[in-house]
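Asker: sequence first, predicted model second:
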Amino acid sequence: MCQLLGMNSHLPASLTLSFTGFSQRGGLTDHHADGWGIAFFESEAATPDQPGKGVRYFVDKEGASTSPIAKMLRNYPIKSHNVVAHVRKATVGSVSLENCHPFVRELWGRNWVFAHNGDLKNYAPALHGSFRPVGSTDSELAFCWLLQELAKSHVGVPTVEELTLTLTELVPQIAKYGTFNFLLSNGQALWAHASTKLHYVLRQHPFTQVHLKDDDINVDLAIFNSPQDRLAIVVTEPLTTNENWVAMVPGELQVFVDGVIAGCSSSTRTPELVSL
């Protein structure tokens, strides 16, 4: 199956370190070589501390470990509040550009980005709105249905908390068809849902040295982060060997805002919530 990588940060942060290890899974340290993609929400220059609506978006049907575009991104740190990345092992849909995750759509004047890991069996929801798949994956179909139902559920622009409550009701309607690990962001927050396997780590001051699992690299995070920085990294399999990665439980929906957990829907875990 595919693998996911996401970041949510209090201040604009670079995902270069995590993406360096993650991209190796696209054909080098793992077999996910059927395309990849990454989307960055970037802030405007006038308000660098506020999450932006604009998305810098790259996809490629070549494996991430050999893609020239991925190589460029490993050497060109882009600062962002929210990032969603994906390396693909094709199970539904051909190896083509239109089937590469993440997928991007507009809703309520904001870009929404979605990436999925898993298979949905016999999934054929009714689409009667403006959200339609371009490619042939079950993943993009699920994304279109989610946005359609979100739009139907709210008259005005909802808060992150309201969106989380609605997603808590909608996600099980898709997850019953199979494996539905996903990352979703609108630039304000990062939602992560685990059907089988997702892990996250929270990084904040004091930052320590980390060792990448997929590349023999040690990095002192204190050199690249200030005391004000804090961020959450979400990934299918842990990226480092010496950090406290937390395994999400099946059926758990987490939302991250400003680099911390802002809400959780789970029958087995109730984290401390922060104000939204």
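Answerer: In hand now; what should we look at?
Asker: going by secondary structure, Lys71 is in what exactly?
Answerer: If you go by DSSP states H and E, Lys71 is part of helix 68-74.
Asker: over to Ile261?
Answerer: strand 260-265.
Asker: distance between the ends of stretch 209-221?
Answerer: 6 Å (C-alpha to C-alpha, to the nearest Å).
Asker: can you pull the buried residues of that stretch?
Answerer: By 16 or more other C-beta atoms under 10 Å, the buried positions in stretch 209-221 come out as Val210, Leu212, Lys213, Asp214, Val219, Leu221. Heads up, the C-betas are built off the backbone N, CA and C, glycines and all.
Asker: please apply the same query to stretch 241-256.
Answerer: Under 16+ other C-beta under 10 Å, the buried positions of stretch 241-256 are Glu243, Val246, Met248, Pro250, Gly251, Glu252, Leu253, Gln254, Val255, Phe256.
Asker: doesn't the fourth one fall inside a helix?
Answerer: Read that as Pro250. No - with DSSP: H, G, I helix; E, B strand; the rest coil as the criterion, Pro250 is coil rather than part of a helix.
Asker: the strands in the stretch 51-200 of the chain, which residues?
Answerer: 54-60, 79-87, 103-107, 110-117, 181-185, 190-194, 199-204 (DSSP state E, counting those that start in this stretch).
Asker: and those as a markdown table, adding distance to Val234, mean neighbour count and mean pLDDT?
Answerer: Formatted as a markdown table, the entries for the strands of the stretch 51-200 of the chain read as follows, by distance: least, C-beta to C-beta, whole Å; neighbours: other C-beta atoms under 10 Å; pLDDT from 0 to 100:
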| stretch | distance to Val234 | mean neighbour count | mean pLDDT |
| --- | --- | --- | --- |
| strand 54-60 | 18 | 17 | 91 |
| strand 79-87 | 9 | 28 | 91 |
| strand 103-107 | 17 | 19 | 97 |
| strand 110-117 | 11 | 24 | 96 |
| strand 181-185 | 6 | 27 | 98 |
| strand 190-194 | 5 | 26 | 98 |
| strand 199-204 | 4 | 18 | 93 |
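Asker: so can I have CSV of those strands showing distance to Leu97?
Answerer: Output for these, formatted as CSV (distance: least, C-beta to C-beta, whole Å):
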stretch, distance to Leu97
strand 54-60, 6
strand 79-87, 13
strand 103-107, 12
strand 110-117, 15
strand 181-185, 20
strand 190-194, 25
strand 199-204, 29
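Asker: so for the residue nearest to Gln228 when sequence neighbours are not counted, what's the pLDDT?
Answerer: Leaving aside its chain neighbours, Gln228 sits nearest to Leu11 (6.3 Å; criterion: C-beta to C-beta, 6 or more residues apart in numbering). Model confidence at Leu11, given as pLDDT, is 90.
Asker: now the one 3 residues further on
Answerer: Per-residue confidence at Ser14 stands at 81 (pLDDT).
Asker: Thr208 too?
Answerer: 78.
Asker: tell me the contacts of it?
Answerer: Thr208 sits next to Asp220, Leu221, Ala222 when contact means C-beta atoms under 8 Å, 6 or more residues apart in numbering.
Asker: which element is the last one on?
Answerer: So that's Ala222. helix 221-224.
Asker: got the buried residues for that helix?
Answerer: Leu221.
Asker: quick one: mean pLDDT for it?
Answerer: 76.
Asker: now swap in stretch 64-73 and tell me
Answerer: Rounded mean pLDDT across stretch 64-73 is 79.
Asker: can you check stretch 163-170 too?
Answerer: For stretch 163-170, the per-residue pLDDT averages 97.
Asker: now swap in stretch 247-256 and tell me
Answerer: 97.
Asker: how about Glu44, what does it touch?
Answerer: Gln50, Gly52, Gly54.
Asker: if we only consider those residues, which is nearest to Leu202?
Answerer: Closest approach to Leu202 among the contacts of Glu44 (C-beta to C-beta): Gln50, at 21.1 Å.
Asker: residue contacts, the closest one?
Answerer: Residues near Gln50 by C-beta under 8 Å, 6+ apart: Ser43, Glu44.
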